[in-house]
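[1] have a look; sequence and predicted model below, questions after that.
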Amino acid sequence: MDKSWMHADRRSRTYELGVEEFLRFAVENASDVNNICCPCSKCGSIDGMISARVIKDHLYFNGVDESYKDWVWHGEPSRATVNANEGESEATVDMVEDGDAADNIGLGDQEEKGASEDEEFFENGEDEQYSVESNDFMRLVEDGDKALYPGCTKHTKLNALIQTYNLKAKHGMSDVCYSDMLIMIGIVLPEGNEIPGSHYEAKKTLATLGMDYKKIHACPNDCILYRGQHADASSCPTCGESRWKLGKDNIEKQGRKDEFMRHPADAPTWKLVDQKWPEFGNDPRNLRLALSSDGFNPHSSLSSRYSCWPVILVTYNLPPWLCMKRKFMMLTLLISGPKQPGNDIDVYMQPLIDDLKALWDGIDGVYDAFRGEYFKLRAVLFWTINDFPAYGNLSGSVTKAYNGCPICCENTKPHRLSHGQKMSHIGHRRWLPRHHPYRRLTKEFNNLPEFETAPEPLSGEEVLKRVEGMT
């Protein structure tokens, strides 16, 4: 195959045609079209295992490795293999020409037998070094001899990789932390170093050492493992449970309607919104949000005069195992300063409140990629998630002193401790059932029985009425 294009200008038509011809050859000889060695000058024919489309980009951006003359990593036999094959064929022809007829017949049989042996040798012998497993092992051997960076004589790529991975396991680093550490090391080391750029690349290299794993399905009732004779079974031969679908008990459990709350969709607030604004509830694409905020000192020092208040929106339109994941939360505000905002946090919340009002009215022209249509997106804020002091800051409600309970308000039962002079709130037995035995106990509490009922929380209209006119 013509390889003169490897020395041509990357902007030329010759280079373009050569790249196309190479990719066609590599795809035809690849066992997995998504895992082909990249011959660009950066990957060096053995480091990159990517798809043909990405290789094409690499060849145009990085150029081809001109020292890669024999495409042994892409299905081309090595020169030694070709020379040995040609030499053996020539020797066989000379022997046939010099022999007699009887010998020719015997040599013909030997040729036929020898050809089959050669084919078997090339299939199972020398060419075996170009199988996927052998390629991985050869890469590992080369990594063991490859200097960590140009001029380094103390450490190799494999040695550095093993040491950093041992550090990850010893100190319990997360995958993201380990990837960031590799990037930092790669920046610190001289240019041209061999440090992997991510945890994925490091793990792919170490998997050759036998550190990979294999997932094996199990019966939901712990009857069998789907391996060996049951590797392709779709149901358990012991109990008949499906391998791929949830059992009846799990399906009933997921769709069961009872007093337990398994998702915010089971909360009264969700149902109230659907009943009060049915046009909002009829479209499942409308967002149900919760707001969470709290202050912290990022410097982990109480003496540091710095405060940071992140304001995060949580989306409840996702399954319960996803809605509280970090990547599905939205950091909408980051309030920082020399001191915490306190009750003045409402000043900093104004941009978010304006956005929430706009979302409640609806945003036209939002594109639904799944349905291929535009729709009007709306959102509603359900509640806030915070501790008690932050609750007081966000709501503007009193959370200390004589009326410190935002539920009881003026019906709070405060009691100032005689020695510590701190305010405590009693009367929590009012929320117990009417005939609960704790209501009649006296010495264990405040020496008085409890006969009152729990106060009713204020409704939204009552709260609005109380704060009307306040500036």
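    Happy to help now that I have it.

[2] show me the contacts for His415.
    Going by C-beta atoms under 8 Å, 6 or more residues apart in numbering, His415 touches 423-426, 446. Placement of C-beta: from N, CA and C, glycine included.

[3] so it is in which element?
    In this assignment (DSSP states H and E), His415 forms part of strand 413-416.

[4] tell me the mean pLDDT for whatever helix or strand comes next after that strand?
    Next in sequence after strand 413-416, counting helices and strands by DSSP H and E, comes strand 423-426. For strand 423-426, mean pLDDT rounds to 80.

[5] likewise stretch 198-207?
    When pLDDT is averaged over stretch 198-207, the result is 80.

[6] give me the pLDDT for Ile335.
    We note a pLDDT of 84 for Ile335 in this prediction.

[7] can you verify it is assigned to a strand?
    Yes: assessed with DSSP: H, G, I helix; E, B strand; the rest coil, Ile335 lies in a strand.

[8] I'd say it and Val347 touch.
    No: taking C-beta atoms under 8 Å as the definition, Ile335 is not a contact partner of Val347, at 9.6 Å.

[9] find residues that contact each of the two.
    Taking C-beta under 8 Å, 6+ apart as the contact rule, Ile335 and Val347 both touch Pro341.

[10] show me which of those two is the more surrounded one.
    More crowded of Ile335 and Val347, by other C-beta atoms under 10 Å: Ile335, with 17 against 9.

[11] distance-wise, check that one relative to Trp309.
    The gap separating Ile335 from Trp309 is 4 Å, by C-beta to C-beta, to the nearest Å.

[12] distance to Thr315 added to the contacts of His415, as a markdown table?
    Converted to a markdown table, the contacts of His415 look like this (distance: C-beta to C-beta, whole Å):
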| residue | distance to Thr315 |
| --- | --- |
| Met423 | 38 |
| Ser424 | 39 |
| His425 | 35 |
| Ile426 | 39 |
| Asn446 | 45 |
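
[13] among those, which ones are buried?
    With neighbours counted using 16 or more other C-beta atoms under 10 Å, the contacts of His415 contain no buried positions.

[14] and which of the residues you listed is nearest Asp274?
    Nearest to Asp274 out of the contacts of His415 is His425 (C-beta to C-beta; 35.6 Å).

[15] could I get the buried residue list for the strand holding His415?
    Under 16+ other C-beta under 10 Å, the buried positions of strand 413-416 are 413-414.

[16] where are the low-confidence patches of the chain?
    Within the chain, the segments meeting pLDDT under 70 span 1, 44-49, 78-144, 208-213, 245-258, 300-304, 469-471.

[17] so which residues make contact with stretch 351-360?
    Residues from elsewhere that reach stretch 351-360, judged by C-beta under 8 Å, 6+ apart: 287, 289, 311, 332-333, 377-381.

[18] just the buried residues from the residues you listed, in ChimeraX please.
    In ChimeraX syntax, the buried subset of the contacts of stretch 351-360 is picked out as below (16+ other C-beta under 10 Å):
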select :289,311,332,333,377,378,379,380,381
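
[19] ok, back up a step: joint contacts of Ile335 and Trp309?
    In contact with both Ile335 and Trp309: 341, 345, 348, using C-beta under 8 Å, 6+ apart.

[20] so what's the last one up against?
    Same thing as Tyr348. By C-beta under 8 Å, 6+ apart, the neighbours of Tyr348 are 309, 333, 335, 341.

[21] I'd assumed Met349 was in contact with the second one.
    Which is Leu333. Yes: using C-beta under 8 Å, Leu333 is in contact with Met349, at 7.2 Å.

[22] between those two, which contacts overlap?
    Val311.

[23] which one of the contacts of stretch 351-360 sits closest to Asp274?
    Distances from Asp274 to the contacts of stretch 351-360, taken by C-beta to C-beta, are shortest for Val380, at 10.5 Å.

[24] quick check: the closest one is in a strand.
    Yes: checked against three-state DSSP, Val380 lies within a strand.

[25] now Lys56. Its backbone dihedrals?
    The phi/psi pair for Lys56 (degrees, to the nearest 10) reads phi -60, psi -40.

[26] helix or strand: which one has Ala169?
    Counting by DSSP H and E, the element that carries Ala169 is helix 157-171.

[27] which residues touch that helix?
    Looking at what lies outside helix 157-171 - C-beta under 8 Å, 6+ apart - the contacts are 140, 143-144, 146-148, 173, 177-178, 181-182, 185, 194-196, 202, 205-206.

[28] return a PyMOL selection command for the buried portion of those.
    Per 16+ other C-beta under 10 Å, the buried members of those correspond to this PyMOL selection:
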select buried, resi 140+143+146+148+173+178+181+182+194+195+196+202+205+206
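
[29] restricted to strands, list the contacts of helix 157-171.
    With strands taken from DSSP state E, there is no overlap with those.
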